[in-house]
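Peer 1: Quick one, structure for this:
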Amino acid sequence: MTLIESPAFVPTTVAVLGAGSWGTTFAKILADAATAAGVERTIRIWGRRAEVVEQINSAHLNEQYLKDIELPASITASTDVEEVLKDASLVVLAVPAQSLRPQLRDWKALLAPDAVVVSLMKGLELGTDARMSEVIAQELGLPESRVAVVSGPNLAMEIAREQPTASVVACSDADTAAAIALCCTAPYFRPYTSTDVVGVEIGGIVKNVIALAVGICEGRQMGDNTKASVITRGLAETSRLALALGGEAHTMAGLAGLGDLVATCSSALSRNHTAGRLLGEGLSLEQVAEEMTQTAEGIKSGPAVHELAGKLNVEMPITAAVVAVLEGRMSVDDLGPRLLARALKSEGDY
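Peer 2: Sure thing, here's the model as predicted:
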């Protein structure tokens, strides 16, 4: 066995850094998984906003992000990150991707020496084009075997309502992935494992950009044929980038690839789909930000994805068109014809 023997790794204290919809929902998953397994587990959430923290502690609710979903009593919250991280053997990160690196620098000294870190984030860092697992390993000085990612069709509100969902836990070390999966196996949440961290992360990153494109199509009142075409060719783009970075093709056909893409592009609960729809309806980026309460990661990560594709000579026409809209170089009216603008070739020729 390597660093973690999955039967032995049963964290009794978990820190979740980020009190948004997905961070809070994942805390609920961890609590419900412990109850189902008959394990005692304390879950502490760090949040920036005192009113959110107070409501979690006093009413077991996070109404801003999860409406009337009742949270288990084993979940508490604090604005004091040192208090949240104290003795936590499992640390879950659910903060905006672009703020992660500076936050990790502040948090590094507070982590337990043997902590395992899990990323729930689906973004690519601007300027470095680094995936979140890479940022975590760099800033915390952790080996790959202690950094994992969770991805898949994970619309937080549906999971918080305990609607059956499957997901993927990825880590370069299979034992670590299995151990984390065991910790978050709830009656309504079924995690599979993977060692393809690159493929799982790229699937989660690029689908946000494709969801923006689909949302824009919806905002412009384009039909289901258009949206299905963009989703399908979006998967091809995602696959090309993942393979160029060393990811595995079968990951793209699984939960972290096709599954996450379909859910994010199709659901009104998707932040990126919603942001795209608002852009398609004529709102500016500033107006979209005012309209939404949470970050649409595709807006921030899109330029980084486009930049990375350029460095690797990977053709991503849908991503390029979305970024052109985000940067004001193309109007949403011109986006439709550009989404499928590519030289004629065999569909199987990626």
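Peer 1: could you measure H306 against E125, distance?
Peer 2: Separation of H306 from E125 (Cβ to Cβ, to the nearest Å) stands at 14 Å. Where C-beta positions appear, they are placed from N, C-alpha and C, glycine not excepted.
Peer 1: Sorry, slip of the keys, the one I care about is E139.
Peer 2: Distance of E139 to E125, computed by Cβ to Cβ: 11 Å.
Peer 1: Next: K108.
Peer 2: Separation of K108 from E125 (Cβ to Cβ) stands at 17 Å.
Peer 1: Compare neighbour counts for the two and give me the winner.
Peer 2: Shown here are K108 and E125; by other Cβ atoms under 10 Å, E125 has more neighbours (18 against 12).
Peer 1: Could you pull up phi and psi at that one?
Peer 2: Main-chain dihedrals, E125, degrees, to the nearest 10: phi -70, psi 130.
Peer 1: Please verify my assumption that L142 contacts I136.
Peer 2: Yes - using Cβ atoms under 8 Å, L142 makes contact with I136 at a distance of 6.7 Å.
Peer 1: Looking at those two, which is more packed in?
Peer 2: I136 (26 against 17).
Peer 1: And for A268, the neighbour number?
Peer 2: A268 has 10 neighbours, counted by other Cβ under 10 Å.
Peer 1: Helix or strand: which one has the nearest residue to it once chain neighbours are set aside?
Peer 2: Among residues not flanking A268 along the chain, T274 sits closest, at 6.8 Å (Cβ to Cβ, 6 or more residues apart in numbering). Secondary structure assignment for T274, by DSSP states H and E: helix 271-280.
Peer 1: what helices or strands is that helix leaning on?
Peer 2: Judged by 3 or more Cβ pairs under 8 Å, 6 or more residues apart in numbering; DSSP states H and E, helix 271-280 is in contact with helix 197-219, helix 260-266, helix 285-291, helix 297-311.
Peer 1: Specify the angle between that helix and helix 197-219 in degrees.
Peer 2: For helix 271-280 against helix 197-219, the angle by axes from the mean of the first three to the mean of the last three Cα atoms, to 10 degrees is 30 degrees.
Peer 1: can you tell which of the helices and strands packed on helix 271-280 is closest to V81?
Peer 2: Counting by Cβ to Cβ, V81 lies closest to helix 297-311 out of those; the figure is 21.9 Å.
Peer 1: And stretch 33-40, what's buried?
Peer 2: Neighbour-count burial for stretch 33-40 flags 33-34 (criterion: 16 or more other Cβ atoms under 10 Å).
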